[in-house]
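>>> structure for the following, please:
(chains A, B, C, D, E and F)
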Protein chains: 4
Amino acid sequence: MRTSDKHSKIIQAAIKVFARKGFFNARISDIAKEAKVADGTIYLYFNNKFDILITLFEEEIGKLILEIKQLIKNETDPAKQLKIFALYHMQLIENKKELVEVLQLEIRQSNTYMKEYRNTKFIEYIDLIAEIIQQGQETGLFGKHIPPGIAKRAYLGALDEMSRLWILAPDPPFTTEQAAEQISDIFINGLQ
Amino acid sequence: MRTSDKHSKIIQAAIKVFARKGFFNARISDIAKEAKVADGTIYLYFNNKFDILITLFEEEIGKLILEIKQLIKNETDPAKQLKIFALYHMQLIENKKELVEVLQLEIRQSNTYMKEYRNTKFIEYIDLIAEIIQQGQETGLFGKHIPPGIAKRAYLGALDEMSRLWILAPDPPFTTEQAAEQISDIFINGLQ
Amino acid sequence: MRTSDKHSKIIQAAIKVFARKGFFNARISDIAKEAKVADGTIYLYFNNKFDILITLFEEEIGKLILEIKQLIKNETDPAKQLKIFALYHMQLIENKKELVEVLQLEIRQSNTYMKEYRNTKFIEYIDLIAEIIQQGQETGLFGKHIPPGIAKRAYLGALDEMSRLWILAPDPPFTTEQAAEQISDIFINGLQ
Amino acid sequence: MRTSDKHSKIIQAAIKVFARKGFFNARISDIAKEAKVADGTIYLYFNNKFDILITLFEEEIGKLILEIKQLIKNETDPAKQLKIFALYHMQLIENKKELVEVLQLEIRQSNTYMKEYRNTKFIEYIDLIAEIIQQGQETGLFGKHIPPGIAKRAYLGALDEMSRLWILAPDPPFTTEQAAEQISDIFINGLQ
DNA sequence: GATGAATGAGCTTTCATTCAT
DNA sequence: GATGAATGAAAGCTCATTCAT
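Okay, the predicted model is just below:
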């Protein structure tokens, strides 16, 4: 079958299975069944279980980066750009809940069980924030005393920990939009 | 002395081993060797591998909560309390690096591989922040429009993602004190 | 030209691959790559992996038998015929090293993993020696007390174990011709 | 269980299973079942499947060497020593048939699938013959023109190929004693 | 006839857990 | 209570074979 893109079918299946069980509890046969391919087929497209996870990181975060860049491009105000980022990031929990679960859980693990792997795409993603903050500092919107290297982490961490709420609890007392709004407000104010 | 210090010897060994290898890659025999007990001895004190992790959570976070409460008790200004929390949390990376690694990595995993387990101690820990913010809102220091349930998560997430830097990189360009200061400043300003 | 030379291309490739890796470690895809055909093509010419090995035995030993018969035909002295056989057998290690490796290793295995297979060609090959010895006994050159069924095996075993030296060691301290000469001398003397 | 020597139970089981199926077709679970231990127990005593085979080589050939040395010690005539060796080697097929099958098949394979492994014990075994022949050359019994390095191989090869007969065929028309006698006669005569 | 992507049975090895001592 | 040898279920990965193109 040429038409059915096995590579992405497997990646999408892996997202579902990893989200449901976590990387270590996920079995290759789970992914294969979810992707409706044979176990062995997975090894035609990936070297091993880790390779699926790493490829998943690279490709999916890569897509997120492209989408965010697209959204930010037309906006020049760094404050509004920060809001866009927050909103986009928070809404992932609605649009791509399973992906978020995998990224949240496994990216942090990755440095433990894959000592050699440097998650460059994740760094690229988080650096989108640093760039916005630097622009804000150059235009005088944000104070220059705060290193973007700190602020970017703080911002992403705040958003990410927030979105964990939707993973753990079924119905939080506010929407992702409200959360994004509140957190970006705190930072935009706080950074001035 | 407690009935036996084997219990805590095993917990301390588990912290080291989980930090080094992650929960799934850690073997019971690793922990036993580190604790200088026999493999079977571990099962006299814990039901299974998960039980070690859960007990570790409860006990160690419990200690952190007690310590923080002690530090905050003598301070009435919520802004300063927030700073104390930030400083304490960030300095954990220096005082209890291995514990931080375990908590960061495994707490987030815990809901995936231990579906039934509710990490109540972690909730208690994060609620320390909510209490401070609520006090700040009552005294008029912080705006009332921001739900403490959002702010507490954002604050902890910001600090936690920040401290990940010390786990991943050996020598960041700033101290934990500076990072704590910066992040608490952002939030104290941003919450007003 | 035969209907297709794919058959022999595959056999020749199999000799190389089996010599390099052994039958069990050899993969069908290795043979296919070496033969420059697709994996599936092999199954148009052979029933399965074993079938390649068996066919290889039959055909290649068959060729050896024909060649030896040709060489022996013009010589009537059984002693000289034995020498011719020894020289031919030992020189195989130079002319067809890979084939020798396969035959040495896999013929002995064959009765273990292919319980039903009787290597009749190999028996035919070794019986060339028996015939020579019988003639020698009839002409009075060799003593009649030694059963040709023993002597043929001893002779082939001696030569074969000798030629293993060239497989294992790169540069033995004597030539294949010398080895053939020495061994045939021992037997010709010893059989009188 | 301290009394039951698991190590040798596993080795003895491996000999049986390797003899029956060959190394590659033998499954660890076959050996475990034969040894009446759990699969995992095997890995408490051996690193892997290869390790079982290698240890088997070393230990079992080591025993053979000791036994032969004991038999030869009391005999000073090299010709008689050669006979003793031949008789001992041929009778192995009766006393330790399964071991012989394994050694015959797998020793020759060993250089193919265990590229790095040098079968030093086997070399030691075959050098027993070389030593006898050298003594015979020194005492003038054997001609000095034949390199012991050739003769030892030829002798072992002859005996070994002979003993293959008992593996392949159930009831040969002569006894192992007769075969040993005939072959040693050929060589003792032939070497003079 | 030729291809090579896809299949899935099969096997080595690991390791949490048990239990006789 | 303490030990650690023994257990055996479980799963990642391989590769001979098939079959749609």
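>>> near DNA strand F at all, stretch A:91-107?
No - counting by C-beta under 7 Å from any atom of the strand, DNA strand F is not contacted by stretch A:91-107; separation bottoms out at 14.3 Å. Bear in mind the C-beta positions are built from the backbone N, C-alpha and C, glycine included.
>>> and the contacts of the longest helix belonging to chain A?
Taking DSSP state H as the assignment, the helix of chain A that covers the most residues is helix A:49-73. Under the contact criterion C-beta atoms under 8 Å, 6 or more residues apart in numbering or on different chains, helix A:49-73 has outside partners A:10-11, A:14-15, A:18, A:23, A:26, A:28, A:31, A:42, A:46, A:81, A:84-85, A:88, A:92, A:99, A:102-103, A:106-107, A:110, A:113-114, A:117, A:119, A:121-122, A:124-125, A:128, A:132.
>>> of those residues, select the buried ones using a PyMOL command.
Selection command for PyMOL covering only the buried members of the contacts of helix A:49-73, criterion 16 or more other C-beta atoms under 10 Å in any protein chain shown:
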select buried, chain A and resi 10+11+14+15+18+23+26+28+31+42+46+81+84+85+88+92+99+102+103+106+107+110+113+119+121+122+125+128+132
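>>> could you list which of the contacts of helix A:49-73 belong to helices?
Reading helices off the contacts of helix A:49-73 with DSSP H, I get A:10-11, A:14-15, A:18, A:28, A:31, A:42, A:81, A:84-85, A:88, A:92, A:99, A:102-103, A:106-107, A:110, A:113, A:121-122, A:124-125, A:128, A:132.
>>> tell me which parts of chain A are close to DNA strand F?
Residues of chain A lying near DNA strand F (C-beta under 7 Å from any atom of the strand): A:M1, A:A26, A:R27, A:I28, A:S29, A:D39, A:G40, A:Y43, A:N48, A:K49.
>>> rebuild the residues you listed as CSV, extending it with distance to C:D160 and pLDDT.
Output for those, formatted as CSV (distance: C-beta to C-beta, whole Å; pLDDT from 0 to 100):
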residue, distance to C:D160, pLDDT
A:M1, 51, 41
A:A26, 53, 95
A:R27, 49, 96
A:I28, 46, 97
A:S29, 47, 96
A:D39, 44, 97
A:G40, 40, 96
A:Y43, 41, 97
A:N48, 43, 95
A:K49, 47, 95
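>>> most surrounded residue in these?
Most neighbours among the residues of chain A next to DNA strand F, by other C-beta atoms under 10 Å in any protein chain shown: A:A26, with 23 neighbours.
>>> now that one, nearest residue through space, not along the chain?
A:V17 (4.7 Å; C-beta to C-beta, 6 or more residues apart in numbering or on different chains).
>>> check what pLDDT the one you found gets.
With respect to pLDDT, A:V17 has a value of 96.
>>> surely it touches A:I28?
No - in this structure, A:V17 is not within contact of A:I28 by C-beta atoms under 8 Å, at 9.4 Å.
>>> does the lowest-mean-pLDDT helix or strand in chain A reach DNA strand E?
Using mean pLDDT, DSSP states H and E, the weakest-scoring helix or strand in chain A turns out to be helix A:97-113, at a mean of 83. No - Helix A:97-113 stays clear of DNA strand E (C-beta under 7 Å from any atom of the strand), getting no nearer than 11.2 Å.
>>> the inter-axis angle of that helix versus helix B:97-113?
Angle of helix A:97-113 versus helix B:97-113, following axes from the mean of the first three to the mean of the last three C-alpha atoms, to 10 degrees, is 140 degrees.
>>> what's helix A:97-113 packed up against?
If you count contacts as 3 or more C-beta pairs under 8 Å, 6 or more residues apart in numbering or on different chains; DSSP states H and E, helix A:97-113 packs onto helix A:6-21, helix A:49-73, helix A:78-95, helix A:148-168, helix B:97-113, helix B:148-168.
>>> do the third one and chain B meet at all?
No - if you take C-beta under 8 Å from any C-beta of the partner chain as the test, helix A:78-95 misses chain B, and the best it gets is 10.4 Å.
>>> state the mean pLDDT of that helix.
On average, helix A:78-95 scores 96.
>>> what helices and strands are in contact with that helix?
helix A:49-73, helix A:97-113, helix A:120-138, helix A:148-168, helix A:176-191.
>>> so A:I132 makes contact with A:P78?
Yes - with contacts counted by C-beta under 8 Å, A:I132 reaches A:P78, the gap being 5.1 Å.
>>> for A:Q91, which residues are in contact?
A:T176, A:E177, A:A180.
>>> got these as JSON lines, with pLDDT columns?
What follows is these, written out as JSON lines (pLDDT from 0 to 100):
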{"residue": "A:T176", "pLDDT": "95"}
{"residue": "A:E177", "pLDDT": "95"}
{"residue": "A:A180", "pLDDT": "96"}
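>>> buried subset of the residues you listed, written for ChimeraX?
Selection command for ChimeraX covering only the buried members of the contacts of A:Q91, criterion 16+ other C-beta under 10 Å:
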select /A:176,180
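>>> and which of the contacts of A:Q91 is nearest to chain D?
A:T176 (49.0 Å; C-beta to the nearest C-beta).
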